[in-house]
Structures are given as C-alpha cells and as structure tokens.
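> Provided below for reference: sequence and predicted model.
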Amino acid sequence: MTLLDLLMSLIWLMLLYSAHLAQCLPEKPKRSALNQLTRTLLRRYDCGVRPVHNWTSPTTIYIDFILQSVLAVNGKTQSITTSIWYRQIWTDEFLVWDPEEFDGINEISLSSDAIWIPDIIISEFVDVGMSLPIPYVYVNSSGSVKNYRPMQVVLACSLEMYAFPFDKQNCSLTFRSWLHSVQEIDLALWRSADAIANDKREFMNDGEWELLSIPSHYWHIHQDNTDYAHIQFNVLIRRRPLLYVVGLLIPSIFLMLVDVISFYLPLDSGTRIAFKISILLGYTVFRVNLTDELPATAVRTPLIGVFFVVCMAMLMLSLIKSILVVKLLHHSEKEVKEMSVSAWLLDKYGSAGHGFTESALTSMKTLDHINQSGDFELEASMEEDLLSLNEIQDAPSGLEWLLQELVSLRLALSQEDGDSSTQADWLALCLKLDCFLFRLYLLVLGSYAGTLLLLWASWSFA
C-alpha cells in the first residue's frame, strides 16, 4: 500500500466519522410561520411614521365606545369616574401580507410599542384611573389594526345638583387628535350613532345611576387656520331617588309636620317652648345626617337643603316669639310702657289700658293732701272719693287708717285690672303674629312638597 492509498483511506474514515456525528446532533428547528411573519413585518417598520404610502392621504381612525358603569360622581370637584370599553380601528398600509405565504395566518397580535399608534385623547380627561394596561393590538392581513382596551377615566363634568335626588346629569367625552389636523388624522364612528346611543347591554344597571342614552356627533374645530376632527359622546344618566326619598325626604316632611302641629299649643305656656326646643334638637341631628348624605357642591345648594334651612329659620323665629310672649306677659304695664318698641306696638295694636297710668298717678297725688277729719263719705267713683278727702277735717286716726287701706286696696285692684288688660292686648298681638307664621309655615311646607312632587314627575317621564 502506497502512501497515497493510506492518505485516501484516512480521508474516507474522517468523512464517515463526520457523517456519523452529523446524524447524532439534534436538527436545528425551523422558524415558525408566526415568527417569520412578525420578523418580516417589523424588519423595516418605523413606528414614528404615519403608516401611509401617500403622505397626503389622511388616516381614518374609527372609534367605538361602550359605557360599562358609573363608579363615582363628585359634586365638589365637578368630576365623574366611569368605566368604559374603548375601541380604535385604523388601517396600517405597512402591515399587509399574503396569508398563503405564512401558513394561512390572517391575524396576529403585535406589541403596541412596536407599531404606530394614533394620539387620540379625551379632552375632559383629568385623572388616571385604575386601568389595566393592554400591551398588544390585533392586526389582520389587510392592514386593519384593532386597539381594544378597557379604561377607567375621571372626567371633568358640569354637575347640576339643585334637583337632588331627582337630578339628571349630562357628561361628555370628546375624542380628538392632540397634534394632527383633519388632513392627517380623521375620525369616524365604527357603529351607527343610533346603535351607540341605545347600547345598554354591558352597562351595570343595578347601581345608583341609570343610563338613559349616549348620543354622539362629529364636528370640526377651526384653530390656527387648521381644522381638527372631534367626536363627542354625551353620557345622559339619572339618579335613582328611592333611597333618598325613604331616608331623607319623608323624615324631613314628618319633622316639619310636627313643627306645624306645635302651633296648636297655648301661646303663653312654657310647654310650647320646651316642645319647640325638642323639635330644634331634632332638626339639628337631622341636619348633621343630611350633610353627610347631600352631595357637596360649591356652585348651588340642593333644593332639599334650602328648604330645610328655611324651616329651621322659621322654627327659630317661632321659638323667639314664644319666649318674648312669656317675658312680656310677666311685665307690669309700667315696665311695658317704658319700652319704646313695646309701647309703639301696644299703642298700634292694643285696645285697653290707655288711661290707667294717669288716673293712678292722680290718685297717689291726692293721698298726699289728705287732712285730718272725722266726717267723710265713699262715693261710687274713685276720683270723687279722692276729691272729697280735701274737705275732711279732724278725722280720727282709726278712720284715717281705714280710709287709707281702702284706697290702697282700690288702687291695687285697679292696677291688677290694668295689668290683665295689658296682658290681653299683648296676647292678642302675639296671636296675630303666630297666625301669620303658621300660614307662612304651611305655605313653605306646601311649596316644598309640591316642588318635590313636580321634580319626581319630571324624573319619571324623562
């Protein structure tokens, strides 16, 4: 065997050994069609460029909106928290392929960070809610991109709480592009406006708020010589008032009725004052609970709060009047006359006791000029008796003392009659004021109940 034959044998052995090793090694897997499609689509893709071949062609973004629930309504901050399902659909001309070349794949999911996403925002957006991040979008072979995601958004809304708890709210969600004009990005509805307005299938309709409808419209705003596309959804909701009717309105009406009935208590008795103080304490406790239930708003006070404050003010006036009546009825006529306001009221509305003070003073002055005398005679009139005292001379001391006692008794009885007449006049005046407050209270209570009934009827037929 020559050296050449030996060399050839060695080469053949090496080839056979290499073939054996190649059979022992695992076969390298082929790339899947999905992986190849993803690599092919994103190999030269630029996510910062609007995906159109002709830059003058606008990209139309189709928007769909479904309201799932109303989570919170804050009257103080004028905001509403909602949970929505939001969908965007547009065509990406750079993400198109033939399904036959990739094992019939018609639709794939791609990372939202890897492709172009439109800058659509909600104009009323004020805070980030607890939304779950969805990092993927669906793309089909024709280039249609579907961006579906649930969102919890806090929106600025002009809330009207005056008719609480029969209030209805109208909050809007306006979708627009932040930078692009209508020549670059246009907006359109994915479904018809009627279908969106009447779609309540996904709304959680067992809470405090009831969904009425979601009307929508498309419009342009002209700014800096450029038009921008807008789509606005108006969320019309109304509050279910049954809980507040049972817990607030009916107890407040009962409390007002009890206050009205208290006008039938005697005007000059202390029982009426004690009863009204008890009602005032009930008003105070109820007002504290009412403050916790009423929505806080810095614009307008709810109607129920206004009526409640008016009723508390009238209760205070009635209580003050009752206290003044008791005080005035325990004053003498002389003390009453010394009060300028009381004297004016008594002179204007009183009917008796006008000449009492003058006669009393005349009688007291006459007693100072009584002379000692033994012969005297009592007449029917007190003035005649006092004048006859000037003619009495050398009266015995016992008769003089008896005469003075009789005149003092006569003066005391006359003063008591005058005080009783003055108290009757004050009582008549206070009865007129009490009757006026009673009628005013009935008017306020009737207006309150009638307004609530009208608001309830308006709520029912909305």
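Noted; the coordinates are in hand.
> would you list every one of the strands in the stretch 101-250 of the chain?
Secondary structure of the stretch 101-250 of the chain (DSSP state E, counting those that start in this stretch): strands at 107-111, 120-122, 125-128, 136-140, 144-156, 168-177, 185-189, 209-213, 216-223, 226-239.
> would you list those in a markdown table and tack on distance to residue 289 and mean pLDDT?
C-betas here are computed from N, CA, C, even on glycine. Below are these laid out as a markdown table (distance: least, Cβ to Cβ, whole Å; pLDDT from 0 to 100):
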| stretch | distance to residue 289 | mean pLDDT |
| --- | --- | --- |
| strand 107-111 | 53 | 92 |
| strand 120-122 | 37 | 91 |
| strand 125-128 | 30 | 80 |
| strand 136-140 | 50 | 93 |
| strand 144-156 | 28 | 91 |
| strand 168-177 | 24 | 92 |
| strand 185-189 | 46 | 94 |
| strand 209-213 | 22 | 91 |
| strand 216-223 | 40 | 90 |
| strand 226-239 | 19 | 92 |
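> Out of those strands, flag the one nearest residue 323.
Nearest to residue 323, of all the strands of the stretch 101-250 of the chain, is strand 226-239, at 41.6 Å by Cβ to Cβ.
> neighbours around the closest residue to residue 144 other than its chain neighbours, how many?
Once flanking residues are discounted, residue 144 sits nearest to residue 91: 5.7 Å by Cβ to Cβ, 6 or more residues apart in numbering. Using other Cβ atoms under 10 Å, residue 91 has 16 neighbouring residues.
> how much space between residue 91 and residue 146?
Distance of residue 91 to residue 146, given as Cβ to Cβ, to the nearest Å: 11 Å.
> Kindly report the same for residue 120.
14 Å.
> Equivalent analysis for residue 35, please.
In terms of Cβ to Cβ, residue 35 sits 21 Å off from residue 146.
> And those two? Which one has more around it.
residue 146 (17 against 11).
> which residues does the more buried one bridge with?
When assigned by DSSP bridges, residue 146 has beta-bridge partners residue 89, residue 138.
> residues touching it, list them.
87, 88, 89, 137, 138, 139 (Cβ atoms under 8 Å, 6 or more residues apart in numbering).
> Got a ChimeraX select line for the buried ones in those residues?
Filtering these down to the buried ones (16 or more other Cβ atoms under 10 Å) takes a single ChimeraX command:
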select :87,88,89,137,139
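> Report the helix or strand with the lowest average pLDDT across this protein.
helix 356-367 (a mean of 39; mean pLDDT, DSSP states H and E).
> and stretch 53-60, what's its mean pLDDT?
Stretch 53-60 shows an average pLDDT of 91 in the prediction.
> Need the residues that contact that stretch.
50-52, 90-91, 93, 118, 182-188.
> For that stretch, buried residues please.
For stretch 53-60, by 16+ other Cβ under 10 Å, it's 58, 59.
> what about it, how long is it end to end?
Using Cα to Cα, to the nearest Å, the end-to-end distance of stretch 53-60 comes to 14 Å.
> likewise stretch 123-139?
27 Å.
> List the buried residues for that stretch?
So for stretch 123-139, counting by 16+ other Cβ under 10 Å, buried means 124, 137, 139.
> residues in contact with the nearest residue to residue 136 once chain neighbours are set aside?
Using Cβ to Cβ, 6+ apart and skipping residues adjacent in sequence, the residue nearest residue 136 is residue 109, 4.5 Å away. In this structure, residue 109 makes contact with 136, 137, 138, 139, judged by Cβ under 8 Å, 6+ apart.
> what's the distance between stretch 450-462 and the middle of its chain?
Taking Cα atoms, centre = their mean, to the nearest Å, one finds stretch 450-462 lying 17 Å from the centre of the chain it belongs to.
> circling back to that earlier point, export the contacts of residue 109 to a markdown table and tack on distance to residue 98?
Below are the contacts of residue 109 laid out as a markdown table (distance: Cβ to Cβ, whole Å):
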| residue | distance to residue 98 |
| --- | --- |
| 136 | 23 |
| 137 | 21 |
| 138 | 18 |
| 139 | 14 |
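> for those, which one is nearest residue 303?
Closest to residue 303, out of all of the contacts of residue 109 and judged by Cβ to Cβ, is residue 137, at 48.8 Å.
> give the contact list for the closest one.
When contacts are taken as Cβ under 8 Å, 6+ apart, residue 137 is in contact with 109, 110, 112, 115, 117, 145, 146, 147.
> Ok, which of the strands of the stretch 101-250 of the chain comes nearest residue 442?
Across the strands of the stretch 101-250 of the chain, residue 442 has its closest neighbour in strand 226-239 (29.6 Å, Cβ to Cβ).
> chain center to stretch 207-227, what's the gap?
24 Å.
> Quick one: residues contacting the residue nearest to residue 160 when sequence neighbours are not counted.
Counting by Cβ to Cβ, 6+ apart, residue 160 lies nearest to residue 167, which is 6.3 Å off, once chain neighbours are set aside. With contact taken as Cβ under 8 Å, 6+ apart, residue 167 is in contact with 160, 161, 238, 239.
> Report the mean per-residue pLDDT for stretch 282-292.
On average, stretch 282-292 scores 78.
> do stretch 437-457 as well
The pLDDT scores in stretch 437-457 average 81.
> Next, count neighbours for residue 214.
Residue 214 has 21 nearby residues by other Cβ under 10 Å.
> Low-confidence ranges, this protein, go.
1-7, 15-31, 129, 268, 296-299, 328-399, 402-404, 406-407, 410-426, 462 (pLDDT under 70).
> Helices of the chain, residue ranges please.
Assigned by DSSP state H, the helices in the chain fall at 3-24, 33-42, 193-197, 242-244, 250-261, 270-293, 303-329, 333-337, 340-349, 356-367, 382-388, 397-460.
> Redo the contacts of stretch 53-60 as CSV? Include distance to residue 300.
Below are the contacts of stretch 53-60 laid out as CSV (distance: Cβ to Cβ, whole Å):
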residue, distance to residue 300
50, 46
51, 49
52, 50
90, 43
91, 48
93, 53
118, 39
182, 38
183, 43
184, 43
185, 39
186, 40
187, 35
188, 38
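> Just the buried residues out of these, in PyMOL syntax.
Buried members of the contacts of stretch 53-60, defined by 16+ other Cβ under 10 Å, are picked up in PyMOL with:
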select buried, resi 50+51+52+90+91+118+182+184+185+186+187
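> who touches both of residue 120 and residue 146?
residue 88.
> wait, which of the contacts of stretch 53-60 is closest to residue 326?
Of all the contacts of stretch 53-60, residue 326 sits closest to residue 187, with 74.4 Å by Cβ to Cβ.
> Is residue 62 bridged to anything, and to what?
residue 89, residue 188.
> Contacts only, for it.
Contacts of residue 62 by Cβ under 8 Å, 6+ apart are 88, 89, 90, 187, 188, 189, 190.
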